[in-house]
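> Next input, structure requested:
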Amino acid sequence: MSTSVIIAQIIAFAIAISFHEAAHAWSANKLGDPTARLLGRITMNPLKHIDPVMTVLFPALLIFAGLPPFGAAKPVPVDPRNLSDPRRDHAWIAAAGPISNVILAVGAVVLLRFVMLDPVRAAIPASAWFMLFLVLQATLMVNLILATFNMIPLPPLDGSWILSAMLPGPVAAFYRQLQPYGFVILIALMYTGALRVLFRPVLAFGAALAGF
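I've put the predicted structure just below:
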């Protein structure tokens with residue numbers, strides 16, 4: 001993998017996780033919990049969202065394994081006492097993250113098709129155009145992967161909160177006890193190739209959307 005591709009993927013990943021976490025914080029604030037807003041988490045500054053393991057180590061392992069980077073950021077704090085219906089509202093807060101990534105992916109498709117127009121391409125220096133193309137391509141793929149990855153129903157990923165809201169109370173409480181083992185299970189899924197199998201159709205779909 002070339003240095004330019006790695007740089008483009010890092011830029012795309014930083015934008016994606018920042019938008020993802022800001023969406024969590026924004027939705028929590030809209031649903032009555034200002035905790036994340038007061039901590040400055042409604043921001044596109046990636047430094048506010050970095051988690052050493054899931055934002056740095058895990059994506060780095062994926063890049064060197066030849067996969068698009070994905071992972072998770074520092075969890076947005078939610079105080080359920082501020083929510084009118086904690087289980088339902090927490091599910092909506094969780095869903096805001098993957099939805100934000102889908103929005104970015106759609107935006108990347110639109111911009112990719114725009115910059116590939118001959119008049120636009122001719123108006124931009126070749127080296128700058130190529131880097132812009134790589135960043136937009138990476139933005140599309142990374143956001144599709146992040147949306148899919150975060151919907152895996154494995155604590156502490158967003159999908160687990162959505163599933164928890166659908167489970168009976170005692171079952172949901174037992175299910176949340178899986179959280180300490182989530183990262184270990186994710187590493188196992190990565191090294192067994194299960195994640196590659198899961199993401200292969202997602203990447204093919206992204207390539208079809210972009211027209212390449």
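> I'd like to know which helix or strand in the protein has the lowest mean pLDDT.
Within the chain, no helix or strand scores below helix 58-64, which has a mean of 74 by mean pLDDT, DSSP states H and E.
> What residues sit buried inside it?
Within helix 58-64, the residues that count as buried by 16 or more other Cβ atoms under 10 Å are 58-59, 62-63. Any C-beta I mention is one placed from the backbone N, CA and C, and that applies to glycine too.
> Which one of these is nearest to residue 123?
Nearest to residue 123, judged by Cβ to Cβ, of these is residue 63 at 31.8 Å.
> Surely the closest one and residue 6 touch.
Yes. Using Cβ atoms under 8 Å, residue 63 is in contact with residue 6, at 6.2 Å.
> Okay, now the unreliable bits of this structure?
Per-residue confidence for the chain (pLDDT under 70) gives these ranges: 1, 65-71, 212.
> Spatially central, which residue of it would that be?
Taking Cα atoms, centre = their mean as the criterion, residue 146 is the residue nearest the geometric centre of the chain, at 3.4 Å.
> List the contacts of that one.
Neighbouring residues of residue 146 by Cβ atoms under 8 Å, 6 or more residues apart in numbering: 16-17, 20, 70, 98, 101.
> Now the phi/psi pair for it, please.
The phi/psi pair for residue 146 (degrees, to the nearest 10) reads phi -60, psi -40.
> which residues sit in contact with the closest residue to it other than its chain neighbours?
In space, and not counting its chain neighbours, residue 146 is closest to residue 101: 4.6 Å by Cβ to Cβ, 6 or more residues apart in numbering. Neighbour list for residue 101: 16, 19-20, 143-144, 146-147, 150 [criterion: Cβ under 8 Å, 6+ apart].
> State the helix or strand in which residue 101 lies.
Using DSSP states H and E, residue 101 falls within helix 86-115.
> Show me which parts of that helix are buried, residue by residue.
Using 16+ other Cβ under 10 Å as the burial criterion, the residues of helix 86-115 that qualify are 86, 89-98, 100-101, 104-105, 108-109, 111-112.
> With just CA atoms, put the helix or strand following it into CSV.
For helix 86-115, the following helix or strand on the C-terminal side (DSSP H and E) is helix 118-123. Once non-C-alpha atoms are left out, helix 118-123 reads as follows in CSV (Å, rounded to 0.1, in the frame of the first residue of the first chain):
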residue,chain,number,x,y,z
ASP,A,118,-13.3,16.2,-17.4
PRO,A,119,-13.6,20.0,-16.9
VAL,A,120,-13.1,19.7,-13.2
ARG,A,121,-10.2,17.3,-13.6
ALA,A,122,-8.5,19.6,-16.1
ALA,A,123,-8.8,22.6,-13.8
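> contacting residues around the closest residue to residue 12 other than its chain neighbours?
The shortest distance from residue 12 to any non-neighbouring residue, by Cβ to Cβ, 6+ apart, is to residue 138 (3.7 Å). By Cβ under 8 Å, 6+ apart, the residues touching residue 138 are 5, 8-9, 11-13, 68.
> can you tell me which of those residues are in helices?
5, 8-9, 11-13 (DSSP state H).
> Closest to residue 123 out of the residues you listed?
Nearest member of the ones in helices among the contacts of residue 138 to residue 123, counting by Cβ to Cβ, is residue 8, at 20.7 Å.
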